[in-house]
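**Q** Predicted coordinates and the sequence they were generated for:
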Amino acid sequence: AYLKSLCISMAEPITLDLSIAGRVVANDKMGELNRAIAIMDDTAGIELKVECDDIDPIIPLYSEVVVRCSGLWLGREGEKIVLGAKPSSHYVVDRVAESELGNILLEVNLPSSTPQSRRRTVTEIEPGDMSCLVRVERLRFADAPSGAQWCERDSLTGRYITTLRYAEDATGVIGVVVDKECDYRMETLPEGEVTLFAVVDRYTSERVLRITNHSII
């Protein structure tokens, strides 16, 4: 949380000698979050942008990591704060090169348990939950037709496309984004009430859920 508070503009260099320690609560293990990881501790979560197409073997899901932040940059994507390399184009930060991971990863410890999630209803989800693992119960996917898959297909190419579905509980409605590369993109949306374990993310200017580790009950 302290690290994120240092981002007072769209892009901010980290000049202090700082490190963060936390659990990796989302990555590309099942194609759910590509070229990034979400790191969470008891105070907040932050997304680290990485230029790597196969992150999980290097930084496993749920592993405990210590990241050296000095020399990296903070960027603001709406209400979401991200961590990455010095920006060189129109993005708020660039992705950290895979070859540089050894310089910023001080520790990567294999997981011994599942990280603790924050239990939330839809309306309880707030900006402070961004990039954090939450548990949302009694959700229903009410907007999609029966038999719909997590991801839709492009009508011209037939390829899967990243799809935003909407789920609701008794308090409100929230989007659930599923990446076109996700391993279970072709699965049928669950019927009835479900519990989702997901990280809170931002997609097309909306606050959304991004399921992690296929955790759908």
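**A** Nice, thanks for sending it over.
**Q** Could you look up the SS state of Arg119?
**A** strand (DSSP: H, G, I helix; E, B strand; the rest coil).
**Q** Report how many residues lie close to it.
**A** Each residue near Arg119 was counted by other C-beta atoms under 10 Å, and the total is 11. (Glycine included, C-beta is placed from N, CA and C.)
**Q** got it, and the one 10 residues further on?
**A** The number of residues packed near Asp129 is 18, by other C-beta under 10 Å.
**Q** ok, now Val194?
**A** 16.
**Q** next one: Leu74
**A** Leu74, neighbours per other C-beta under 10 Å, totals 24.
**Q** same question, Thr123
**A** So Thr123, with other C-beta under 10 Å, has 12 neighbours.
**Q** Which residues are in contact with it?
**A** 171-172 (C-beta atoms under 8 Å, 6 or more residues apart in numbering).
**Q** and it, what pLDDT?
**A** Thr123 carries a pLDDT value of 98.
**Q** Could you tell me how far it is located from Arg165?
**A** 18 Å (C-beta to C-beta, to the nearest Å).
**Q** For the residue of the chain most remote from its centre, which three-state class applies?
**A** In the chain, counting by C-alpha atoms, centre = their mean, Leu156 sits farthest out from the average C-alpha position, at 29.3 Å. Assigned state for Leu156: coil (three-state reduction, three-state DSSP).
**Q** Equivalent analysis for Ser99, please.
**A** Assignment for Ser99 (three-state DSSP): helix.
**Q** Isn't Ser131 up against Ile46?
**A** Yes: between Ser131 and Ile46 a contact is recorded at 5.4 Å, counting by C-beta atoms under 8 Å.
**Q** Now for the two: what residues contact both?
**A** Shared contacts of Ser131 and Ile46, counting by C-beta under 8 Å, 6+ apart, come down to 38-39, 81.
**Q** Adding pLDDT, secondary structure and distance to Asp17 as columns, could you present those residues in JSON lines?
**A** Shown next, in JSON lines, are the shared contacts of Ser131 and Ile46 (pLDDT from 0 to 100; DSSP: H, G, I helix; E, B strand; the rest coil; distance: C-beta to C-beta, whole Å):
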{"residue": "Ala38", "pLDDT": "98", "secondary structure": "strand", "distance to Asp17": "24"}
{"residue": "Ile39", "pLDDT": "98", "secondary structure": "strand", "distance to Asp17": "18"}
{"residue": "Ile81", "pLDDT": "97", "secondary structure": "strand", "distance to Asp17": "19"}
